[in-house]
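Student: Sequence first, predicted model second:
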Amino acid sequence: MHRCIFGTDKGQPCGSISFEGHADSVRAVGLFKDGLLAGYGLSGSLDQHLLLWRLSGTAGLECRAALPGACRCLRILAEDGRDARVLATANLSVVELAVSAEETSARVTVLKQVVCQVPGASLAVFLEAPLRECLEMRRWPKSFLSESSLQVAVGGVDGALALICGGSCRAMQRLTSEGDIISAVMPIARHILTVCRDGTLRMVRWSSLAGLEKLWARSGWRMYVSTIGCQGACRLISDGFDNLIRTFTLEKTVEAAMDWSDSEDDAENECAESEESSED
């Protein structure tokens with residue numbers, strides 16, 4: 001699909017605006033919360049471009065930014081109404097972009113590119129305390145990707161996982177050969193929970209010495225899972241093409257989770273699951 005469709009609130013129960021401007025399939029979109037940026041939307045495509053669209057007034061294309069590769073995922077990392085920072089996958093790289101809005105215009109600028117050697121399909125981030133405090137005080141670094149307080153996990157279409165920290169790729173490992181890592185979250189620092197196309201939930205821990213190590217794996221879906229979400233450090237939810245919504249509770253505390261066992265036998269004790277049927 002080469003078209004972006006953004007919902008509107010122009011007094012209709014369900015209004016929309018359709019944009020055409022990409023030369024290949026659109027794989028990622030993003031909206032801003034408030035301020036001047038609330039009048040714009042982002043889209044990323046396999047055509048190696050990120051486009052910024054005007055959603056109000058004279059709707060249409062505002063500007064575009066060239067990426068070093070196909071974009072399958074983007075994430076708005078920080079925003080304050082006028083400025084925002086965005087992470088986007090670009091084939092074997094992750095790119096940080098700055099979006100800035102004025103009264104009558106907006107622009108997108110590429111700030112930094114980090115090569116991770118993983119064809120990115122999903123992104124997960126964890127901001128440690130120093131960077132969270134900077135966000136609260138609205139003191140942003142020149143580049144978030146350069147900060148050691150930011151950890152970025154990149155899940156690949158080839159089943160590989162990479163970890164970016166301090167402006168470089170610190171580790172990379174193939175988790176599966178059965179499909180892409182289609183969703184990932186970081187519930188706590190250095191811990192990445194991934195869902196792969198084969199329907200397997202995996203918890204992976206990163207350390208500077210051991211790299212990426214698998215703590216446990218969990219399966220059981222009749223068909224593959226398309227996404228997973230996280231609330232806090234311990235509450236998770238996933239969907240599946242078996243028409244089930246599953247919720248999980250990681251039973252151990254955040255502090256104890258840093259010392260989770262590597263044993264497969266412990267998986268049942270570390271992740272309690274409840275299921276709810278979803279009528280589709």
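Tutor: Done, it's in.
Student: Okay, helices next: where are they in the chain?
Tutor: Assigned helices in the chain, in chain order: 129-136, 254-257, 267-270 (criterion: DSSP state H).
Student: okay, now the nearest residue to residue 99 once chain neighbours are set aside: neighbour count?
Tutor: Nearest residue to residue 99, sequence neighbours excluded (CB to CB, 6 or more residues apart in numbering): residue 84, at 4.4 Å. Bear in mind the C-beta positions are built from the backbone N, C-alpha and C, glycine included. A count of nearby residues for residue 84, using other CB atoms under 10 Å, gives 25.
Student: Next one, pLDDT for residue 84 please.
Tutor: If you check residue 84, the pLDDT there is 98.
Student: mean pLDDT for the helices of the chain: which is lowest?
Tutor: Note on the helices of the chain: helix 267-270 shows the lowest mean pLDDT, a mean of 35.
Student: Identify the residues contacting residue 185.
Tutor: Residue 185 makes contact with 124, 192-193, 228-230, 236, according to CB atoms under 8 Å, 6 or more residues apart in numbering.
Student: which one of those sits closest to residue 211?
Tutor: Nearest to residue 211 among the contacts of residue 185, counting by CB to CB, is residue 192 at 12.2 Å.
Student: Just the buried residues of the contacts of residue 185.
Tutor: 124, 192-193, 228, 230, 236 (16 or more other CB atoms under 10 Å).
Student: so residue 86 touches residue 71, yeah?
Tutor: No. The pair residue 86 / residue 71 is not scored as a contact, 10.6 Å apart, by CB atoms under 8 Å.
Student: tell me, what's touching these two both at once?
Tutor: residue 50.
Student: can you map out the strands along the stretch 51-200 of the chain?
Tutor: 60-66, 74-79, 83-90, 93-101, 106-115, 120-127, 150-156, 160-165, 168-174, 181-185, 191-196 (DSSP state E, counting those that start in this stretch).
Student: what about the residue nearest to residue 131 when sequence neighbours are not counted, distance to residue 186?
Tutor: Leaving aside its chain neighbours, residue 131 sits nearest to residue 149 (3.8 Å; criterion: CB to CB, 6+ apart). As judged by CB to CB, to the nearest Å, residue 149 and residue 186 stand 13 Å apart.
Student: same check, this time on residue 204
Tutor: Distance of residue 204 to residue 186, given as CB to CB: 10 Å.
Student: Spit out the residues that contact those two alike.
Tutor: With CB under 8 Å, 6+ apart as the test, residue 204 and residue 186 both reach 192-193.
Student: Name the nearest of the contacts of residue 185 relative to residue 16.
Tutor: Nearest to residue 16 out of the contacts of residue 185 is residue 229 (CB to CB; 24.3 Å).
Student: Report pLDDT for the closest one.
Tutor: 76.
Student: Could you list everything it pairs with in the sheet?
Tutor: residue 237 (DSSP bridges).
Student: ok, now how distant is it from residue 246?
Tutor: Residue 229 is 11 Å from residue 246, by CB to CB.
Student: Equivalent analysis for residue 20, please.
Tutor: Distance from residue 20 to residue 246, by CB to CB: 37 Å.
Student: Using CSV, please lay out the contacts of residue 185 together with distance to residue 27.
Tutor: Formatted as CSV, the contacts of residue 185 follow (distance: CB to CB, whole Å):
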residue, distance to residue 27
124, 17
192, 21
193, 22
228, 18
229, 19
230, 21
236, 24
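Student: just checking, residue 134 touches residue 141?
Tutor: Yes. Under the criterion of CB under 8 Å, residue 134 makes contact with residue 141 at 6.7 Å.
Student: With adjacent residues omitted, what lies nearest to residue 63?
Tutor: residue 52 is the one closest to residue 63 (CB to CB, 6+ apart), at 5.2 Å.
Student: Same question for residue 98.
Tutor: Closest to residue 98 by CB to CB, 6+ apart is residue 109, at 4.7 Å.
Student: didn't the one you found look like it was pressed against residue 65?
Tutor: Yes. Residue 109 is in contact with residue 65 according to CB under 8 Å; the separation is 7.2 Å.
Student: shared neighbours of these two, which are they?
Tutor: Shared contacts of residue 109 and residue 65 (CB under 8 Å, 6+ apart): residue 97.
Student: neighbour-wise, which of those two wins?
Tutor: Legend: neighbour count by other CB under 10 Å for residue 109 and residue 65, higher for residue 65 (22 against 11).
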